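Asker: When you get a sec, could you give me coordinates for this:
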Amino acid sequence: QVQLVESGGGLVQAGGSLTLSCAASGSTLQRNFVGWFRQAPGKEREFVATIALNNGDTHYQDSLQGRFTISRDNTKNAVYLQMSSLKPEDTAVYYCASSRYGGSNEGFYNYWGQGTQVTVSS
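Answerer: Okay, the predicted model is just below:
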């Protein structure tokens with residue numbers, strides 16, 4: 001079992017920045033990778049970024065790389081998503097999830113947090 005808790009969401013103006021945190025606990029085997037996904041109103045959930053906890057390798061949705069940065073602090077069992085130059089279309093519920101295998105397919109992620117709302121105003 002893995003428990004994931006997101007925090008850091010909120011309301012921000014367009015062009016602003018926000019950092020989300022994901023606190024993880026539980027089986028380390030099930031969380032070799034931690035990813036961020038998001039779901040905007042009326043849309044399907046989409047991949048944002050993922051990170052390998054052992055070596056820090058990262059992978060991003062192509063359109064978000066450059067504005068979003070995923071990082072981890074293994075001493076705190078935490079993964080972060082730094083978001084900058086935010087746009088109204090970034091408004092969504094952001095979820096962190098853990099996987100043994102990583103990748104951008106949410107089917108590979110077995111454990112999910114409850115999500116945190118990010119709202120970007122224009």
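Asker: do you know how far the residue most central in space within the chain is from Asn54?
Answerer: Nearest to the geometric centre of the chain sits Trp36, at 2.3 Å (Cα atoms, centre = their mean). Remark: distance between Trp36 and Asn54 (Cβ to Cβ, to the nearest Å) = 18 Å. For every residue, glycine as well, the C-beta is placed using N, CA and C.
Asker: thinking again about what came up before, residues in a beta bridge with the residue nearest to the centre of the chain, which ones?
Answerer: Ala49, Cys96 (DSSP bridges).
Asker: Can you give me the distance of it to Ser122?
Answerer: 23 Å.
Asker: I'd guessed the residue nearest to the centre of the chain sits against Ser21; true?
Answerer: No: applying Cβ atoms under 8 Å, one finds Trp36 not in contact with Ser21, separated by 10.7 Å.
Asker: For these two, list the residues in contact with both.
Answerer: Common neighbours of Trp36 and Ser21 (criterion: Cβ atoms under 8 Å, 6 or more residues apart in numbering): Val79.
Asker: How about the contacts made by Arg72?
Answerer: Neighbours of Arg72 in contact, by Cβ under 8 Å, 6+ apart: Val34, Ile51, Leu53, Gly56, Ala78, Val79, Tyr80.
Asker: what does Tyr60 give?
Answerer: Val48, Ala49, Phe68, Ile70.
Asker: With neighbour count as added columns, please give those in TSV.
Answerer: TSV is the format used below for those (neighbours: other Cβ atoms under 10 Å):
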residue	neighbour count
Val48	23
Ala49	21
Phe68	21
Ile70	23
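Asker: Could you count how many residues lie near the nearest residue to Arg100 once chain neighbours are set aside?
Answerer: Using Cβ to Cβ, 6 or more residues apart in numbering and skipping residues adjacent in sequence, the residue nearest Arg100 is Asn32, 5.1 Å away. For Asn32, the neighbour count with other Cβ atoms under 10 Å is 14.
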